[in-house]
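> sequence-free structure coming up:
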């Protein structure tokens, strides 16, 4: 009996060591590797641009920070976003996206929905609750719960936006809005739209890097449009004042959405194919961008290679200005994709470098105020539930 106990204790010790190594060393190492900031000297800013930046309402339409195990209350040397760096960058409103499934061999060209899921490995490595291991829906719920925990600490001065009154909160609080990266967390059940709404989600992407029950992804194999379930889902989202994100949807899906609902849609992170020819498998054509703009929608410009050609603050500003020329100054915003397994030239504490470049490249103060955050604020004010 004593021998059995000793053997059991030995294997338990080994198991605990393995869990510690995975959770404390391997998972953080993957975070640091996949969410890089290119080392750089301080970017140029001027007294004029710094003063302007400090007076802006700043909003970012996309960050995947809730996917990673680091505590956002602390300032980290890895990754792109945490609460201290949001304050340093002057961010008033951050959209937090919940990533719940990601196919192995991730690419912009043609991913299979049946490919092994890397998020399954990540949630286990980070010791997420057992209920999240095999449920995409529960992964979305857990990320909402992580954000609620941050909100519950009064020292964080964080407010999760759920209605129009919340968005008008312009005091020292950081406003946060929950978005699903794709609607596969519905798990094919229309009632899960309400369940995610009740969990705090007020925006939903339709696809991510693969085709799902709602329709075709821009990076999937079918390039199809909305399914019957997809049409039912987007109508229900519109009824509930849930804003629809088509950042990863196929051209056919986006056109079907525009033909199905009356309200506006948005792109949380992306760019323009005419501004960077090599992004044709990541961004939607100008014609569709114009349709989205005409319907009152907005485009968040990403800071990563694949969405734009030049990921420096100068290149980000150039793409913003080009997007304005396609859409208009009321339809363009920031959509970093921070912490979305992307390499960037800045983290969220350095957004003043974009303000400086926008000034240098000729945008007016009014235009800068719009693209740096007021367009997002106004879009949410028009489309969030009343209460």
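Thanks, I have it. Keep in mind the model is a prediction, meaning the values are calculated, not measured. Residues are numbered from 1 along each chain as shown.
> pLDDT wise, what is the nearest residue to residue 384 once chain neighbours are set aside at?
Counting by CB to CB, 6 or more residues apart in numbering, residue 384 lies nearest to residue 164, which is 4.9 Å off, once chain neighbours are set aside. (Glycine included, C-beta is placed from N, CA and C.) You'll see residue 164 listed with a pLDDT of 95.
> Kindly report the same for residue 204.
98.
> Also the one 10 residues further on?
The predicted local confidence for residue 214 comes out at a pLDDT of 98.
> And the pLDDT at the closest residue to it other than its chain neighbours?
Nearest non-adjacent residue to residue 214, counting by CB to CB, 6+ apart: residue 230, 3.5 Å away. Looking at residue 230, its pLDDT stands at 98.
> How much space separates residue 230 from residue 327?
25 Å (CB to CB, to the nearest Å).
> now swap in residue 109 and tell me
Counting by CB to CB - residue 109 and residue 327 are separated by 26 Å.
> and these two? which has more neighbours close in?
Higher neighbour count among residue 109 and residue 327: residue 327, with 21 against 10, using other CB atoms under 10 Å.
> Wait, the more buried one touches residue 299, no?
Yes. The criterion here is CB atoms under 8 Å, and residue 327 meets it with residue 299 at 6.4 Å.
> Give me the common contacts of those two.
With contacts taken as CB atoms under 8 Å, 6 or more residues apart in numbering, the residues that reach both residue 327 and residue 299 are 289, 292, 293.
> of these, closest to residue 238?
residue 292 (14.9 Å; CB to CB).
> can you pull the buried residues of stretch 39-53?
43, 45, 49, 52, 53 (16 or more other CB atoms under 10 Å).
> export those to CSV and tack on secondary structure, pLDDT and distance to residue 150?
Shown next, in CSV, are the buried residues of stretch 39-53 (DSSP: H, G, I helix; E, B strand; the rest coil; pLDDT from 0 to 100; distance: CB to CB, whole Å):
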residue, secondary structure, pLDDT, distance to residue 150
43, coil, 96, 29
45, coil, 96, 29
49, helix, 98, 30
52, helix, 98, 29
53, helix, 98, 25
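> What segments of the stretch 251-387 of the chain are strands?
267-270, 299-301, 332-334 (DSSP state E, counting those that start in this stretch).
> ok, residue 180 touching residue 196?
Yes. Judged on CB under 8 Å, residue 180 makes contact with residue 196 at a distance of 6.6 Å.
> who's more crowded, these two?
residue 180 (28 against 25).
> Which residues does the strand or helix carrying residue 51 contact?
Using DSSP states H and E, residue 51 falls within helix 47-54. Residues outside helix 47-54 that contact it (CB under 8 Å, 6+ apart) are 45, 90, 351, 352, 355, 356, 359, 365, 368, 372.
> circling back to that earlier point, make CSV out of the buried residues of stretch 39-53 and add distance to residue 251.
Formatted as CSV, the buried residues of stretch 39-53 follow (distance: CB to CB, whole Å):
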residue, distance to residue 251
43, 35
45, 39
49, 37
52, 37
53, 36
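> now, the most widely separated pair of those?
Across the buried residues of stretch 39-53 (CB to CB), the longest gap, 15.4 Å, separates 43 and 52.
> quick one, strands of the stretch 51-200 of the chain?
With DSSP E, counting those that start in this stretch as the criterion, the stretch 51-200 of the chain has strands spanning 58-63, 91-98, 158-160, 174-180.
> where in the stretch 151-300 of the chain is pLDDT low?
Low-confidence regions of the stretch 151-300 of the chain, defined by pLDDT under 70, span residues 169-170.
> one more time with 90
In the predicted model, the stretch 151-300 of the chain carries pLDDT under 90 at residues 168-172.
> got the contacts of helix 47-54 as a markdown table, with distance to residue 200 columns?
Below are the contacts of helix 47-54 laid out as a markdown table (distance: CB to CB, whole Å):
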| residue | distance to residue 200 |
| --- | --- |
| 45 | 35 |
| 90 | 24 |
| 351 | 25 |
| 352 | 30 |
| 355 | 30 |
| 356 | 35 |
| 359 | 36 |
| 365 | 34 |
| 368 | 31 |
| 372 | 25 |
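> Could you tell me which of those belong to helices?
Residues of those located in helices (DSSP state H): 352, 355, 356, 359, 365, 368.
> which of the residues you listed lies closest to residue 241?
residue 368 (29.0 Å).
> hang on, isn't the closest one packed against residue 356?
No. Here residue 368 does not reach residue 356: they are 10.1 Å apart, not a contact under CB under 8 Å.
> tally of neighbours for the closest residue to residue 335 other than its chain neighbours?
Closest residue to residue 335 apart from its sequence neighbours, by CB to CB, 6+ apart: residue 300 at 1.9 Å. Neighbourhood size, residue 300 [other CB under 10 Å]: 29.
> Next one: residue 300 from residue 327, what distance?
Counting by CB to CB, the gap from residue 300 to residue 327 is 12 Å.
> cool, residue 273 as well?
From residue 273 to residue 327 the distance is 13 Å (CB to CB).
> same question, residue 49
Counting by CB to CB, the gap from residue 49 to residue 327 is 24 Å.
> Equivalent analysis for residue 384, please.
Taken as CB to CB, the span from residue 384 to residue 327 is 22 Å.
> Kindly report the same for residue 112.
As judged by CB to CB, residue 112 and residue 327 stand 33 Å apart.
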